[in-house]
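Peer 1: Quick one, what's the 3D model for this:
(one chain, ligands or ions: 2)
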Amino acid sequence: MFSGRVAVVTGSAQGLGKVFSGVLLERGSKVCISDVNQSELEKTYKEFKSKYAENVISQQCDVTDSEQLKEVFRKTKDTYGQLDLVVNNAGIVNEKNWQQCIDVNLNGTIRGTMLGMEYMRKDKGGKGGLILNMSSLAGIFPVNYTPAYAASKHGVIGYTRSWSMHPDVVNNGVRLVCLCPAFVDTDMIKMDDDSKFVGTDLAQQVIEKFGIMSTDHIIPVFVNAIEDEENNGSVISITLKGANKIPLPMP
Ligand SMILES: NC(=O)C1=CN([C@@H]2O[C@H](COP(=O)(O)OP(=O)(O)OC[C@H]3O[C@@H](n4cnc5c(N)ncnc54)[C@H](O)[C@@H]3O)[C@@H](O)[C@H]2O)C=CC1
Ligand SMILES: CC/C=C\C[C@H](O)[C@H](O)/C=C/C=C/C=C\C=C\C(=O)C/C=C\CCC(=O)O
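Peer 2: Ligands and ions are numbered 1, 2, ... in the order given. All right, here's what the predicted structure looks like:
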């Protein structure tokens, strides 16, 4: 399932993207790691390269820049000859610069999804594959201290579900899944920047109430989404209590 498969992971210099890339590499996949943060990307690349040799490549990329993202896909296909998995993981929380928050989280995911379909659809020369989009529990519930972030993650779910129901996509072997974790122990939930939240105290209260998961908590759900080839269109919440498929609300 993993051995010999080829993946692109955005925002993979640190946090969940780095963990996901490590999981794929450990299981024998080939991975193009990419991130806007060049210095952190270089560190992660060196770490992975020493363990996984030619199975890892890296390409600096800001997901808000279509040309940079296209280069990630081009380089991956040129190097490994195929593409099987796209993890649209790059994300930020920034309520002050809400436009950037939407551009990275939602538009970046749209860009990555479109490229993923372009490279993996059977009618376009691909072999099919999976597009795994990172949403959040904030994509399912309202979150009063991050409204723009919540909007971006609601958008990711609507976008992903919509493509997963398109016959041209389904019939050409591409499936799409959304992961929606609650709080995960990464830099994202650090209270280190006033521009992140509208009410750091509100964020702190919710985190204290619900707790923080380790990145290890997310790994089995990530692996299962890849392994379960029947899984298309799922939106999966992940909290300390476990993982659950969110039923599709019908009008
Ligand atoms: N940590 C958490 O509590 C949760 C995180 N998520 C989502 O998981 C994903 C990963 O987040 P974390 O690992 O927690 O955060 P993180 O802050 O540790 O890592 C995010 C990575 O994305 C990169 N990035 C930021 N802007 C970028 C851009 N324009 N282009 C390319 N890369 C960019 C950063 O440099 C960083 O390496 C995000 O989409 C986030 O919204 C979802 C639910 C909970
Ligand atoms: C400080 C927040 C910073 C960034 C946003 C995070 O990255 C994350 O994406 C946001 C998550 C928001 C979560 C909001 C609520 C969390 C609730 C729970 O974890 C509990 C949920 C359900 C419990 C139901 C049950 O009892 O089983």
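
Peer 1: Can you give me the neighbour number for the closest residue to ligand 1 within the stretch 51-200 of the chain?
Peer 2: With Cβ to the nearest ligand atom, the shortest gap between the stretch 51-200 of the chain and ligand 1 falls at Gly91, namely 2.3 Å. Placement of C-beta: from N, CA and C, glycine included. By other Cβ atoms under 10 Å, the residues close to Gly91 number 25.

Peer 1: which ones are touching the closest residue to it other than its chain neighbours?
Peer 2: Of all residues not flanking Gly91 in the chain, Asn105 sits nearest, at 4.9 Å (Cβ to Cβ, 6 or more residues apart in numbering). Asn105 makes contact with 90-92, 149, 152-153, 155-156, according to Cβ atoms under 8 Å, 6 or more residues apart in numbering.

Peer 1: So which of those reach ligand 2?
Peer 2: Contacts with ligand 2 within the contacts of Asn105, counted by Cβ under 6 Å from any ligand atom: Tyr149.

Peer 1: Could you check how far Met114 is from ligand 2?
Peer 2: To ligand 2, Met114 is 23 Å away according to Cβ to the nearest ligand atom, to the nearest Å.

Peer 1: Surely that residue forms part of a helix?
Peer 2: Yes. With DSSP: H, G, I helix; E, B strand; the rest coil as the criterion, Met114 is located in a helix.

Peer 1: wouldn't Asn133 be in contact with Leu176 here?
Peer 2: Yes. Judged on Cβ atoms under 8 Å, Asn133 makes contact with Leu176 at a distance of 6.8 Å.

Peer 1: which residues are in contact with both of these two?
Peer 2: The contact sets of Asn133 and Leu176 overlap at 113, 160 (Cβ under 8 Å, 6+ apart).

Peer 1: does any part of the longest strand seen in the chain sit near ligand 2?
Peer 2: Counting by DSSP state E, the longest strand found in the chain is strand 174-181. No. Residues of strand 174-181 are not located near ligand 2 by Cβ under 6 Å from any ligand atom, the shortest gap being 6.7 Å.

Peer 1: For that strand, name the packing helices and strands.
Peer 2: Under the contact definition 3 or more Cβ pairs under 8 Å, 6 or more residues apart in numbering; DSSP states H and E, strand 174-181 sits against helix 108-120, strand 129-134, helix 147-164, helix 219-227, strand 235-239.

Peer 1: So what's the residue count around Ser164?
Peer 2: Here the number of neighbours of Ser164 (other Cβ under 10 Å) works out to 20.

Peer 1: Give me the secondary structure label for the closest residue in space to it that isn't next to it in sequence.
Peer 2: Distance criterion Cβ to Cβ, 6+ apart; nearest residue to Ser164, sequence neighbours excluded, is Gly233 at 3.4 Å. What three-state DSSP gives for Gly233 is coil.

Peer 1: ok, Asp185 - contacts?
Peer 2: Neighbouring residues of Asp185 by Cβ under 8 Å, 6+ apart: 212-215.

Peer 1: Verify the stated contact: the residue nearest to Ser164 with Met165.
Peer 2: Yes. Judged on Cβ under 8 Å, Gly233 makes contact with Met165 at a distance of 6.4 Å.

Peer 1: Between the two, tell me which one has more neighbours.
Peer 2: A count of neighbours by other Cβ under 10 Å puts Gly233 above the other of Gly233 and Met165, at 17 against 12.

Peer 1: That one and ligand 2, how far apart?
Peer 2: For Gly233 relative to ligand 2 (Cβ to the nearest ligand atom), the value is 21 Å.

Peer 1: Since that was my last question, I'll sign off now.
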